[in-house]
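[1] coords please:
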Amino acid sequence: MVKAIRIHEAGGPDVLRWEDVDVGAPGPGEVRVRQTAVAVNYIDTYQRSGLYPMKLPGVIGNEAAGVVEAVGEGVTSLKEGDRIAYPGLLGAYAEARLLPADKIVRIPEGIEDRQAAAMMIKGMTAEYLLFRTYAVQKGDTILIHAAAGGVGLIACQWAKHIGATVIGTVSTDEKAALAKAHGCDHTIIYTRESFVDRVKEITGGKMLPVVYDSVGATTFMDSLKCLKPRGLMVSFGQSSGKIPPIDVGVLAAHGSLYLTRPTLGSYTLNREELEEVAGHVFGAVRQGIVKVEINHTYALQDAAQAHRDLEGRKTTGSSVLIV
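    Numbering: from 1, shown residues only. Presented below is the predicted three-dimensional model:
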């Protein structure tokens, strides 16, 4: 038996339980992985709270790194002892687990397990946002909400490397300093100033071709106001709450805007896409283009505290559970 964080009902951090689970041997096409580091993401809190319903009882968590302990029949791409990581596979808050071999990737030399765990979803999200959802070009001015968060810090660095002018929203002076240290040209402290007014000022009224918004309910409508005609609103999260239904006519009213709600799964539909996106992220880290900031670590059994800190906006960068 191994230990895992399980939930039996949706709710707050207190529903997270440290329990025994039976993992078993890998079946055909599977590998058994002993996990070493598990990332904490906002989607984990959505699953725990019931915003994103899951089968109960169940293990939450979506990305981790570890070592292959055993391989099942038909697996030739991996072997015992390989260091691996994965994004978007529910059940990560565990000491060990079974995984489909075709959904995980090897960790290259020069990348630590904690880095790999922290960079998979956040780094791959930043990659598809900047290169696939809207291909940021040199000279673009873009807005990234939650610029001091895990995705935000990576996206700011990468967009700056591309040659974009990066505007980021943050909640405190400390987070503003952190975002600026990671490539953010202009920080807007949304708790005391209007980000719409500041975007208008920074752009000389020209506004933006794209807004990346992971905050949701409290920023959505004002984010639309930051776009130039035919601009793209990228809503990829809802940390402040679910976005209420909107009249699509508002897109016309603000200049024939485009709206998308992308997910990582839609950008890694097959093995080729998974390896391409992950490889791009690994390469950016190894080349020093992107630095993965792991600013908070917790023991796996202390996942509830990690959730309290994340939802209380007490964290910056990435948080990792150590197994």
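[2] is it true that residue 179 touches residue 171?
    No - counting by C-beta atoms under 8 Å, residue 171 is not a contact partner of residue 179; they are 10.7 Å apart. Just so you know, the C-beta spots here come from the backbone N, C-alpha and C atoms, and that holds for glycine as well.
[3] Of the two, give the one with the bigger neighbour count.
    Taking neighbours as other C-beta atoms under 10 Å, residue 179 and residue 171 compare with residue 179 leading, 28 against 14.
[4] Let me know the secondary structure of residue 127.
    helix (DSSP: H, G, I helix; E, B strand; the rest coil).
[5] Residue 45 now?
    With three-state DSSP as the criterion, residue 45 reads helix.
[6] who touches it in this structure?
    Residues in contact with residue 45 (C-beta atoms under 8 Å, 6 or more residues apart in numbering) are 51, 307, 310-311.
[7] which of those residues has the most neighbours?
    Within the contacts of residue 45, most neighbours by other C-beta under 10 Å means residue 307, with 25 neighbours.
[8] got a list of what that residue touches?
    Contacts for residue 307 (C-beta under 8 Å, 6+ apart) come out as 13, 16, 40, 44-45, 48.
[9] pLDDT at it, what is it?
    Per-residue pLDDT puts residue 307 at 97.
[10] Look at residue 79 and say how many residues are nearby.
    Counted with other C-beta under 10 Å, residue 79 comes out at 11.
[11] Just want to check the distance between it and residue 101.
    With distances taken as C-beta to C-beta, to the nearest Å, residue 79 is found 11 Å from residue 101.
[12] again, but for residue 148
    Distance from residue 148 to residue 101, by C-beta to C-beta: 36 Å.
[13] Neighbour count: those two, which is higher?
    More crowded of residue 148 and residue 101, by other C-beta under 10 Å: residue 148, with 30 against 19.
[14] what's around residue 130, how many residues?
    Neighbours around residue 130, by other C-beta under 10 Å: 22.
[15] Give me the pLDDT value at it.
    98.
[16] and it, what does it touch?
    136, 155, 158-159, 162.
[17] before we move on, the earlier item: now do the shared contacts for residue 79 and residue 101.
    With C-beta under 8 Å, 6+ apart as the test, residue 79 and residue 101 both reach residue 71.
[18] Which positions in stretch 308-322 come out as buried?
    By neighbour count with 16 or more other C-beta atoms under 10 Å, stretch 308-322 contains the buried residues 309-311, 315-321.
[19] for stretch 110-122, same thing?
    Applying 16+ other C-beta under 10 Å to stretch 110-122 flags 111, 113-122 as buried.
[20] did I read that right, residue 251 in a helix?
    Yes - counting by three-state DSSP, residue 251 is located in a helix.
[21] Compute the number of surrounding residues for it.
    The number of residues packed near residue 251 is 16, by other C-beta under 10 Å.
[22] Surely it is in contact with residue 257?
    Yes - between residue 251 and residue 257 there is a contact at 4.4 Å, judged by C-beta under 8 Å.
[23] Which neighbours do those two have in common?
    What both residue 251 and residue 257 touch, as defined by C-beta under 8 Å, 6+ apart, is the set residue 224.
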